[in-house]
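[1] Need a 3D model of the following:
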Amino acid sequence: MRFRIKGQVSGGKNNMGVTKTGIHYPKKKFVEWRTQAEWQLKKQIKAMPDFETITEPSDAVIHYVSGDLRRRDCTAIMDALFHVLERMNIVKDDTFIGGRGKQLLYTNDYDKKNPYIEIIFGGKDER
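    Numbers count the residues shown, from 1 in each chain. Predicted coordinates:
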């Protein structure tokens with residue numbers, strides 16, 4: 001199973017704010033990215049007649065292609081992706097992505113005109 005989210009990923013953990021009363025909230029940039037990502041994933045799920053939520057640990061390959069050469073925090077990128085996959089019920093629990101003896105491969109590249117992030121479940125790198 002393969003999903004691709006087009007556009008520059010906005011890492012979640014670095015895009016949180018805190019009010020004076022201590023309440024945490026996502027910043028606008030992250031909310032916009034998350035909304036767009038969820039919309040793209042919803043379209044992809046609808047196109048999969050045999051789609052089933054992942055309910056156990058699975059191997060996964062993540063291809064992250066940024067739209068600029070800025071340094072990125074790998075864990076923030078994966079955190080944002082994992083939470084969106086869980087929110088969209090693609091995985092029951094984001095700990096299943098590469099969890100409990102399964103492999104997780106992460107690659108990073110650059111394409112100014114075509115940034116995206118892709119996740120392939122089952123661990124087959126078929127780019």
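[2] and the residue nearest the centre of the chain, what are its phi and psi?
    For the chain, the residue nearest the mean C-alpha position is L81 (1.9 Å; Cα atoms, centre = their mean). The phi/psi pair for L81 (degrees, to the nearest 10) reads phi -60, psi -50.
[3] quick one: low-confidence parts of the chain?
    Low-confidence segments of the chain (pLDDT under 70): 12-13, 123-127.
[4] same thing but at 80, please
    Along the chain, segments meeting pLDDT under 80 span 11-17, 24, 26, 123-127.
[5] just to revisit the earlier point, now the residue nearest to the centre of the chain: how far from M16?
    16 Å (Cβ to Cβ, to the nearest Å). C-beta here means a position set from N, CA and C on the backbone, and glycine is covered the same way.
[6] quick one: buried residues of the strand or helix carrying A76?
    Here A76 sits within helix 74-87, counting by DSSP states H and E. Within helix 74-87, the residues scored as buried using 16 or more other Cβ atoms under 10 Å are 76-82, 84-86.
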